[in-house]
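Chemist: sequence first, predicted model second:
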Amino acid sequence: MAEFTTGEAVALELPIARIPTRATAFLIDVVVQFALGCSLLFAAAAVLAAAGADSAWMDVAVLVAIVGVLIGYPVACETLMHGRTVGKVMIGLRVVRADGGPIDFRHALTRGLAGGIVDFWVLGGFGAIAVLTSMCSPNARRIGDVLAGTVVVHAQTSLPRPALATAPPWLAGWAGQLDLSGLPEDLALSVRQYLTRVRTLTPAVQANLGQALVSALCERLQIRPPLGYPPVQVLGAVIAERQRRALPAAPAAVSPFTMVAIRG
């Protein structure tokens, strides 16, 4: 088991998928890829033969089919199936971010390219590199996982939705006008963790750490903090607005730091 703290400061404990289960899922995917590749080549050959194309077009079709199957298949599956492929579904595995959150196309693409080039096929010795790097990693991460910032876990059920914050009403308008594109994920995670732990901190630590985070946040966003408000309210307003933009369809839920952010 490994403990993750999600981007919304939700603690998750998920079992890490080790080499035997990952290898089983990989072999299932190889079978699926082989069948898919043969189907694509058969269809391409039929179309090209009917069109009277020369052998050069068949070479192109073979290359496209190989790239599409070896790289396109895992990228498409993990993007559309939220971190899963056919093999992972059958074994009960899921790819998640290093903070336990769901992956997106960027993570899937990085894993797919690294898998096709380094971990498995071109330079990977049919998976030897992936096995070696997984054995050396405490969380069984191959090179693609390291580059993408992901982990493969046992996850039979959907990941829980993150708890959402509610901005203090008197700062909601201010936060709604901010350009949050310059806020890096590591700083946002530090702010969320501070907000969930603020009640356990001494007043001096609350003030000092909160002011340091406000300064760092305002520096990255190139703004001035609103005057007369404690750090916990400013930070809570920014994080609540960031969550609102990132998860517009999620149902409202009160996080452990919501009332702290409102009452100060």
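Modeler: That came through, no problem. A quick note: this is a predicted structure, and the numbers were derived from the prediction, not measured. Numbers count the residues shown, from 1 in each chain.
Chemist: just give me the longest helix of this protein.
Modeler: Scanning the chain for the longest helix, with DSSP state H as the assignment, gives helix 19-51.
Chemist: chain center to that helix: distance?
Modeler: 27 Å (Cα atoms, centre = their mean, to the nearest Å).
Chemist: tell me the mean pLDDT over it?
Modeler: Averaged over helix 19-51, pLDDT sits at 94.
Chemist: with stretch 95-112 instead?
Modeler: 90.
Chemist: now do the phi/psi pair for residue 151.
Modeler: Per-residue torsions, residue 151: phi -140, psi 150 (degrees, to the nearest 10).
Chemist: give me the spatial nearest neighbour of it, chain neighbours excluded.
Modeler: Using Cβ to Cβ, 6 or more residues apart in numbering and skipping residues adjacent in sequence, the residue nearest residue 151 is residue 139, 5.2 Å away. In this view, the C-beta of every residue, glycine as well, is placed from N, C-alpha and C.
Chemist: count of residues packed around that neighbour?
Modeler: When neighbours are counted by other Cβ atoms under 10 Å, residue 139 registers 17.
Chemist: buried sites along the longest helix of the chain?
Modeler: Buried residues in helix 19-51, counting neighbours by 16 or more other Cβ atoms under 10 Å, are found at 21-26, 28-30, 32-33, 36-37, 40-41, 44, 48.
Chemist: what sits closest to the residue sitting nearest the centre point of the chain if chain neighbours are left out?
Modeler: In the chain, the C-alpha nearest the mean C-alpha coordinate belongs to residue 103, at 3.0 Å (Cα atoms, centre = their mean). Once flanking residues are discounted, residue 103 sits nearest to residue 83: 5.0 Å by Cβ to Cβ, 6+ apart.
Chemist: again with residue 81
Modeler: Spatial nearest neighbour of residue 81, chain neighbours left out: residue 89 (7.1 Å); criterion: Cβ to Cβ, 6+ apart.
Chemist: just the residues contacting the helix or strand hosting that neighbour, thanks.
Modeler: Taking DSSP states H and E as the definition, residue 89 sits inside helix 86-91. With contact meaning Cβ atoms under 8 Å, 6 or more residues apart in numbering, helix 86-91 is reached by 21, 24-29, 32, 77, 81, 93-95, 152.
Chemist: from the residues you listed, pick the one nearest residue 184.
Modeler: Nearest to residue 184 out of the contacts of helix 86-91 is residue 95 (Cβ to Cβ; 22.3 Å).
Chemist: residues contacting residue 142?
Modeler: 114, 115, 119, 129, 130, 133, 134.
Chemist: helix, strand or coil for the second one?
Modeler: Three states are possible here, and by DSSP: H, G, I helix; E, B strand; the rest coil the one that applies to residue 115 is helix.
Chemist: measure it to residue 88 for me?
Modeler: For residue 115, the distance to residue 88 (Cβ to Cβ, to the nearest Å) stands at 13 Å.
Chemist: same check, this time on the fourth one
Modeler: From residue 129 over to residue 88 the distance is 20 Å, taken as Cβ to Cβ.
Chemist: between these two, which one's more packed in?
Modeler: Neighbour tally, residue 129 and residue 88, criterion other Cβ under 10 Å: the higher count belongs to residue 88, 26 against 18.
Chemist: ok, the more buried one to residue 79 distance?
Modeler: Per Cβ to Cβ, residue 88 is found 13 Å from residue 79.
Chemist: same deal with residue 40?
Modeler: Distance from residue 40 to residue 79, by Cβ to Cβ: 19 Å.
Chemist: who's in contact with stretch 170-186?
Modeler: Residues outside stretch 170-186 that contact it (Cβ under 8 Å, 6+ apart): 7, 167, 217, 220-223, 226, 229, 233-234, 236-238, 240-242, 245.
Chemist: buried ones among those?
Modeler: The buried subset of the contacts of stretch 170-186 - by 16+ other Cβ under 10 Å - is 7, 167, 217, 221, 229, 233-234, 236-238, 240-242.
Chemist: tell me where the model's unsure across the stretch 101-250 of the chain.
Modeler: Flagging of the stretch 101-250 of the chain using pLDDT under 70 yields the residue ranges 156-166, 247-250.
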